[in-house]
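Enquirer: Below are the sequence and a predicted model; questions follow.
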Amino acid sequence: MSHFIASLVIPLKGGNELDKTGFKNMKEKNRILVLNSIRNKNNHSRASIAKQTKLTPPTVSTIVKNLIEEGLVYEEDELGDSSGGRKPKILSINWERYNIVGIDVSFKAIKGILSNMNGDVLHHYEVKYTVENNDQFLEMLLHVTKHLMQKSEKTVYGIGVAMHGVVDRTKGNAVYAPNLKLTDIPIKSFLEQHFDVGVIVDNDVRCMLLNEVWFNKMEDKNIVLINLGHGVGGAIMLDGKILQGINGFAGEVGHMILEPHGQLCRCGNSGCLETLISGEAIKSSGINHGIINNEHTALDVYNLALGDNETAIAILQQIGFYIGQAIVNIFHIINPERVILTGGVSNAYHFFENNMKEVMSKSIMLNMSQLKIDTTNNKDGAARGACALVIETLFKVE
Ligand SMILES: [Zn+2]
């Protein structure tokens, strides 16, 4: 391993956000300025980087020389813009330089990908699991991670883990994983004992949002993503920063209370959004109305609705009222410019859209023509977002 690669790997493991004792000095900040300048603009020359970053041309040349030696940047023979004289070389990021392992720990499976720095998936690996304690969980996580690390033909720059439930990103611990009924799982320290690379752990829905912003290049800075799945999770980006909150709860929109005398939620309160619109809620409603039994799922209700079953359609339409209420509440607190709905239940958007919009249209402050609402369903969204956790450390000054 060259000096330059080593200098990259060590800060990820010991420095910046992973360990608050580390810091990036001016040299590192300038290096990141140059990297971002190349990343954000095509057909870039050393001269235009110097102009854009306000660094001196010799400083830019030294940094670019190091980045080329490191393999992170390459020079093309194609000629860029020139006003005569010697033609400048074009610089680009080498997105193939490193691979990243991204793991999505979801309800019933641990799904991992190996990707390049551009989020292109090179390899998938998934195991279904049931575990009873932290040790069994960590062994399963190790198995998936090891498999993906071994598949890599290039240096793996780091490992990202998208974990459901409450995550302490600073420590890299899963504080509470409700679907596994486990607490205080030391994911980061465990994986770092086994692999010589840095590990970053964050909540899975925050990873889904990061995937939209980082790889899908969504330019909005104020976004709320709501994951409508087995449960209901959320993530908030405000002024370009994805919020964590003091305990890692920020964005848990599924536990806003909409029916105070409603059904008991797993969080201890009653009538949370999750009890009204989640896959589990749709399943219960389907059973209560006698159109499915306990062996079925929300997907069966959806399929019945597609086959024009009026009860199933009414159940899916009804959740639109609650999703609309939730969006109105969120809007008044953080005023996002975009709401992204994802997860299995978002596939029923065409059934609940009208009711959702009817509720939203009643709000005087919520200007519906300005609030963008999207649905997206990327099965690798959380795992790609986990890769982005790692890649953004290369481009970010903490
Ligand atoms: Zn709740």
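Expert: Received it, and whenever you're ready, just let me know what you need. Nothing here was measured: the structure is a model prediction, and the numbers come from that model.
Enquirer: going forward, measure contacts between C-alpha atoms and count neighbours the same way
Expert: Noted.
Enquirer: ok, for A109, nearest residue in space, not its chain neighbours?
Expert: Excluding the flanking residues, the one nearest A109 by CA to CA, 6 or more residues apart in numbering is K128, at 4.2 Å.
Enquirer: Thought F107 was touching that neighbour, still the case?
Expert: No - contact criterion CA atoms under 8 Å: K128 and F107 do not qualify, at 9.3 Å.
Enquirer: Of the two, which one has the most company?
Expert: Set side by side, K128 and F107 show more neighbours around F107, with 18 against 11, by other CA atoms under 10 Å.
Enquirer: how much space between the more buried one and D202?
Expert: 16 Å (CA to CA, to the nearest Å).
Enquirer: Same check on S189?
Expert: The value you get for S189 to D202, if CA to CA is used, is 14 Å.
Enquirer: domains of the protein?
Expert: The record's domain parsing of the chain by automatic domain parsing lists 3-93, 99-212+382-395, 217-378.
Enquirer: Packed most tightly, which of the ones you listed would that be?
Expert: domain 99-212+382-395 (a mean of 21; mean count of other CA atoms under 10 Å).
Enquirer: Now do stretch 286-297: distance from first to last residue.
Expert: Terminal-residue distance, stretch 286-297 (CA to CA): 9 Å.
Enquirer: so what's D168 up against?
Expert: Contact analysis of D168 by CA atoms under 8 Å, 6 or more residues apart in numbering lists 174-175, 201-202, 247-248.
Enquirer: Equivalent analysis for N36, please.
Expert: For N36, counting by CA under 8 Å, 6+ apart, the contacting residues are F395.
Enquirer: doesn't it fall inside a helix?
Expert: Yes - note on N36: a helix contains this position according to DSSP: H, G, I helix; E, B strand; the rest coil.
Enquirer: secondary structure class for Y74?
Expert: Under three-state DSSP, Y74 comes out as strand.
Enquirer: Going forward, count from 172.
Expert: All right, first residue 172 from here; so that's Y245.
Enquirer: now it: how far from G552?
Expert: Relative to G552, and taking CA to CA, Y245 is found at 29 Å.
Enquirer: and the longest helix seen in the chain, how far out from the chain's middle?
Expert: Secondary structure assigned by DSSP state H gives helix 481-505 as the longest helix of the chain. On the basis of CA atoms, centre = their mean, to the nearest Å, helix 481-505 sits 24 Å off its chain's mean C-alpha point.
Enquirer: Mind checking the pLDDT average for that helix?
Expert: Mean per-residue pLDDT for helix 481-505: 96.
Enquirer: Name the surrounding residues that touch that helix.
Expert: With CA under 8 Å, 6+ apart as the criterion, helix 481-505 contacts 409, 424, 427, 429, 444, 447-448, 453, 456-457, 460, 462, 472-473, 475-477, 519, 522-531, 534, 536-537.
Enquirer: mind listing which of the residues you listed are in helices?
Expert: Members of the contacts of helix 481-505 lying in helices (criterion: DSSP H): 444, 447-448, 453, 456-457, 472-473, 475-477, 522-531.
Enquirer: middle-most residue in the chain, spatially?
Expert: The residue lying closest to the centre of the chain (CA atoms, centre = their mean) is C378, at 1.6 Å.
Enquirer: isn't it right next to A333, touching?
Expert: Yes - using CA under 8 Å, C378 is in contact with A333, at 6.1 Å.
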